[in-house]
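Colleague: compute the structure for the input listed below.
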Amino acid sequence: AAENARSEERKALAFIRKGQYEGLRDLLKEIKDDSSRKEEYDSRKPDLSKDGLLSEKSGATIVSAEAEGLTAYNIFLATENVDIAKKIAKGLRGPSGGFSTIRAVGIKFPEREGVVVSMNMFDCVNTPIYRPFEFVKREAARYGVAVTGSEIVGPIKLEYIINSLEYFLGLEEFRRDQILETHLMD
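Modeller: Have a look, this model is predicted:
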């Protein structure tokens, strides 16, 4: 997902986020003047900073120019047992053996019933949205839990929606020009 990263380890958001803002700030202060740790300092120092983090007050932002972008996707489960959502998320995410283009967590949203498998999808072309949805449904069924719905958070490419529509409806010989709105966009 981080094709524009300047080193291999920076391709993983977990590496960049490690320690959160405060932990990174403290680490950079600790190792800045230690010549034996220069390589570690250089690997963790933000790209747009002359001396560690820019400000104690402003926080930090990760910016990427990824062509496919990030799709944030949540799948809701009919249980209050967050451990089930966490187990499913672990099986879903790439680093623990699941889909290499997905990072997922199991969490509880206090404002709604049930728990959620929340994910960031970094390549919906090679890992279409219907795949993690079907995976979560099958895994939830193993625990006797139903999927109650899902949501897309933020923007998504129309192609990703169409791909899942074709899959679930078993559409044959479907053409994009059959979608009325595509004519309005031209």
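Colleague: C-alpha only now, for contacts and for neighbours.
Modeller: Fine.
Colleague: got the phi/psi numbers for the residue of the chain positioned farthest from its centre?
Modeller: What lies farthest from the middle of the chain is Ser35; by CA atoms, centre = their mean that is 35.4 Å. With angles defined as degrees, to the nearest 10, Ser35 sits at phi -60, psi -30.
Colleague: the chain: strands as residue ranges?
Modeller: 71-77, 102-107, 115-121, 147-153 (DSSP state E).
Colleague: so what's the residue nearest in space to the middle of the chain up against?
Modeller: Nearest to the mean C-alpha position of the chain, by CA atoms, centre = their mean, lies Asn120 at 1.7 Å. By CA atoms under 8 Å, 6 or more residues apart in numbering, the contact list for Asn120 reads 70-73, 102-104.
Colleague: the spatially closest residue to it that is not a sequence neighbour: neighbouring residues, count only.
Modeller: Excluding the flanking residues, the one nearest Asn120 by CA to CA, 6 or more residues apart in numbering is Ala72, at 4.6 Å. Per other CA atoms under 10 Å, the neighbour tally for Ala72 reads 19.
Colleague: you'd agree Ala72 is up against Met119?
Modeller: Yes: using CA atoms under 8 Å, Ala72 is in contact with Met119, at 5.9 Å.
Colleague: Met121 contacts Tyr73, correct?
Modeller: Yes: in this structure, Met121 is within contact of Tyr73 by CA under 8 Å, at 7.3 Å.
Colleague: comparing these two, which shows the higher neighbour count?
Modeller: Ranked by neighbour count (other CA under 10 Å), Met121 and Tyr73 place Met121 first, with 24 against 21.
Colleague: which residues pair with that one across the strands?
Modeller: With DSSP bridges as the criterion, Met121 is bridged to Thr71, Ile102.
Colleague: that one: what's it in contact with?
Modeller: 70-73, 101-103 are the contacts of Met121 under CA under 8 Å, 6+ apart.
Colleague: turn these into TSV, columns for pLDDT and distance to Thr148.
Modeller: Listed next are these as TSV, based on pLDDT from 0 to 100; distance: CA to CA, whole Å:
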residue	pLDDT	distance to Thr148
Leu70	87	24
Thr71	93	20
Ala72	94	18
Tyr73	97	14
Thr101	91	24
Ile102	94	21
Arg103	93	21
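Colleague: least confident secondary structure element in the chain?
Modeller: Lowest by mean pLDDT, DSSP states H and E among the helices and strands of the chain is helix 13-17, with a mean of 65.
Colleague: which parts of this structure are helices?
Modeller: With helices called from DSSP state H, the chain shows them at 13-17, 20-31, 38-44, 82-92, 130-142, 158-169, 180-185.
Colleague: perfect, that will be all.
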